[in-house]
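1. Next comes the sequence, and after it the predicted model I'd like to discuss.
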Amino acid sequence: MPEWQNIKGLRTRVAGVCYIEGEEESIPRPYRRSMGRVALLAALSAIDAVKASGLSEDEIASQACGVSYGSTEGSVRSQMEYIAT
């Protein structure tokens, strides 16, 4: 991650980057426009998980169905924009 070179105290420059260009279009714009990168990745992962689950539409629509998701802190860019305001 060359862009991390100027971050003092960071002990690693190794990372895996997820490229989602074009995939985020599957999320309707009214939702997508307020989502940061981490939220987009979470939503796309949930969509993939539901598709791979093999559940029927009735099972997915059931109140007994849900998606469990975990993250560390969310989008650093969004946090920095919030702090700057």
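-> Ah, there it is. Note that the structure is predicted; figures quoted are calculated from it, not measured.
2. going forward, measure contacts and count neighbours with C-alpha atoms only.
-> Fine.
3. Which parts of this protein are strands?
-> Under the criterion DSSP state E, the chain contains no strands.
4. Quick one: the helices in it, in order.
-> Along the chain, counting by DSSP state H, helices occupy 29-32, 37-53, 57-61, 76-84.
5. middle-most residue in the chain, spatially?
-> Nearest to the geometric centre of the chain sits residue 41, at 2.2 Å (CA atoms, centre = their mean).
6. which ones are touching that residue?
-> residue 20 (CA atoms under 8 Å, 6 or more residues apart in numbering).
7. And it, how far from residue 79?
-> 16 Å (CA to CA, to the nearest Å).
8. how about the CA coordinates for the lowest-mean-pLDDT helix or strand in the chain, as PDB?
-> Each helix and strand of the chain was given a mean pLDDT (mean pLDDT, DSSP states H and E); the minimum falls on helix 76-84 at a mean of 73. What follows is helix 76-84, C-alpha atoms only, in PDB (Å, rounded to 0.1, in the frame of the first residue of the first chain):
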ATOM      1  CA  VAL A  76     -12.000   5.700   8.000                       C
ATOM      2  CA  ARG A  77     -12.700   8.200   5.300                       C
ATOM      3  CA  SER A  78     -16.200   8.800   6.600                       C
ATOM      4  CA  GLN A  79     -14.900   9.200  10.200                       C
ATOM      5  CA  MET A  80     -12.300  11.700   9.000                       C
ATOM      6  CA  GLU A  81     -14.900  13.700   7.100                       C
ATOM      7  CA  TYR A  82     -17.200  13.700  10.200                       C
ATOM      8  CA  ILE A  83     -14.400  14.900  12.500                       C
ATOM      9  CA  ALA A  84     -13.400  17.700  10.100                       C
END
